[in-house]
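return a 3D structure for these sequence lines:
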Amino acid sequence: MSRELTRLYGALAVDTDERVLPAPDRVRRRADRRARQRAAVGALAVAALVAGTVAGAQLVLAAGPDAEPAPATTTDSPSPSPTPTAPSPPPSHTSPAPSARTPEAPPKTSARPPDPGPTSIPDRAFFTLAAANDTGIGDEFIPGPVLPALCGARPGEAGTVTRRARSLAFKLTGTPKGYVPDGSYRHSITVYRPGRADEALAELRETVRDCPEQPVPDASGMTQRQRLLGDSGYGDESVLFETRTLSRDVNGDPTGGDEVHLVRAIRSGDVVTVVWEQGWEGTSTERARFDADSRRAVEAIRRWLA
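Residues are numbered from 1 along each chain as shown. Model (predicted):
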């Protein structure tokens with residue numbers, strides 16, 4: 001032991017109480033023992049750490065690549081326990097109850113019922129002859145057929161509301177008054193229920209097409225022929241056809257020609273007017289005069305329905 005250490009121990013003994021201090025060599029041995037204990041504890045700690053690392057690696061390798069790593073634990077706060085999941089209810093095979101819905105109210109419409117049309121036909125609904133064609137005889141509203149005989153058929157009778165017909169004689173322009181008329185009309189107006197007037201014209205076309213000829217009533221051996229003619233420009237639609245028989249003189253002898261008469265049915269909405277030229281004592285229809293009076297008939301209907 002050095003002199004300096006011996007001096008320090010001596011000074012320490014003077015300042016302390018009368019407790020007996022250990023000798024310097026004893027103190028040194030105690031210090032050496034403590035150092036060896038600390039070294040041993042450190043070596044043990046290192047060995048334990050290495051052993052734990054090796055064991056963990058072996059567990060990971062043994063678990064395989066699909067194994068999930070163990071959750072890390074901490075001492076600060078415990079891991080929360082998982083919340084239990086309620087089991088799903090078994091599937092139901094019953095249909096779900098339909099949701100209650102308030103029935104929708106039907107839409108309000110301001111549409112008025114269809115107009116039934118006129119139920120009577122005034123005199124002003126019939127056309128007036130041009131002054132140059134007026135015989136002065138006037139017209140006569142009398143019952144009777146409104147179409148020529150067509151193999152016993154009566155087209156256009158269904159769906160009628162009301163009808164009026166008249167007979168009217170006329171003269172050609174230039175014929176002096178007092179002479180016999182040059183021709184005559186059977187002019188009728190029929191009001192149909194809504195939607196039935198076009199059916200009446202379709203039925204008339206079919207009837208004329210299905211009746212190309214027929215015996216002339218009360219005329220022994222005579223034949224009347226019918227055929228449809230092209231027509232347009234009158235009312236909403238029109239049907240034009242002719243009747244043709246052998247022409248005869250006042251004695252009943254053939255003249256070598258034909259007596260031809262025209263019939264035109266014109267629809268304006270639910271109203272049909274028929275202009276049937278019947279001749280006078282064997283005369284035939286003059287087409288220009290007939291077309292002009294057909295237009296006058298359409299105009300009269302238009303003014304009446306306006």
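
show me the helices in the chain, by range?
Using DSSP state H, the helices of the chain run over 3-15, 24-63, 197-210, 287-305.

would you single out the least confident of those helices?
Mean pLDDT is lowest for helix 24-63 among those, at a mean of 51.

okay, N251: pLDDT?
78.

and it, how far is that from D182?
Plainly put, N251 is 21 Å away from D182 if you go by Cβ to Cβ, to the nearest Å. (Glycine included, C-beta is placed from N, CA and C.)

how near is the nearest residue to F141 once chain neighbours are set aside to Q224?
Closest residue to F141 apart from its sequence neighbours, by Cβ to Cβ, 6 or more residues apart in numbering: R166 at 4.7 Å. With distances taken as Cβ to Cβ, R166 is found 24 Å from Q224.

quick one, which of these two is more surrounded?
Taking other Cβ atoms under 10 Å, R166 and Q224 do not tie; Q224 has more neighbours (21 against 17).

what bits of the stretch 151-300 of the chain have low per-residue confidence?
Within the stretch 151-300 of the chain, the stretches with pLDDT under 70 are 219-220.

C211 reaches L150, doesn't it?
Yes. Using Cβ atoms under 8 Å, C211 is in contact with L150, at 4.8 Å.

what's the angle between whichever strand in the chain runs longest and helix 197-210?
If you go by DSSP state E, the chain has its longest strand at strand 254-268. Calculated by axes from the mean of the first three to the mean of the last three Cα atoms, to 10 degrees, strand 254-268 forms an angle of 160 degrees with helix 197-210.

and T128, what is it in contact with?
296, 300 (Cβ atoms under 8 Å, 6 or more residues apart in numbering).

whoops, R295 was the one
R295 sits next to Y234 when contact means Cβ under 8 Å, 6+ apart.

and it, how far is that from G235?
10 Å.

what of A169?
For A169, the distance to G235 - Cβ to Cβ - is 25 Å.

in stretch 207-220, which residues are buried?
Buried residues in stretch 207-220, defined by neighbour count with 16 or more other Cβ atoms under 10 Å: 207-208, 211, 214.

who's in contact with it?
If you take Cβ under 8 Å, 6+ apart as the criterion, stretch 207-220 is touched by 149-151, 153, 155, 222-228, 239, 241, 245.

ok, now which ones touch the residue nearest to S184 when sequence neighbours are not counted?
Distances taken as Cβ to Cβ, 6+ apart put A169 closest to S184, at 4.6 Å, once the chain neighbours are dropped. Contact analysis of A169 by Cβ under 8 Å, 6+ apart lists 135, 137, 181, 183-185, 280.

can you select the buried ones among those for me in PyMOL?
To isolate the buried ones among the contacts of A169 in PyMOL, judged by 16+ other Cβ under 10 Å, type:
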select buried, resi 135+181+183+184+185
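
what about the contacts of A169, which are in strands?
Per DSSP E, the contacts of A169 map to strands at 135, 137, 183-185.

quick check, nearest of the residues you listed to T119?
Y185 (24.9 Å; Cβ to Cβ).

bridge partners for the closest one, pull those for me.
Beta-bridge pairing of Y185 under DSSP bridges involves L168, E277.

any idea how far it is from D249?
Between Y185 and D249 the computed distance is 24 Å (Cβ to Cβ).

what's the answer for D258, then?
Separation of D258 from D249 (Cβ to Cβ): 14 Å.

same thing with D236?
42 Å.
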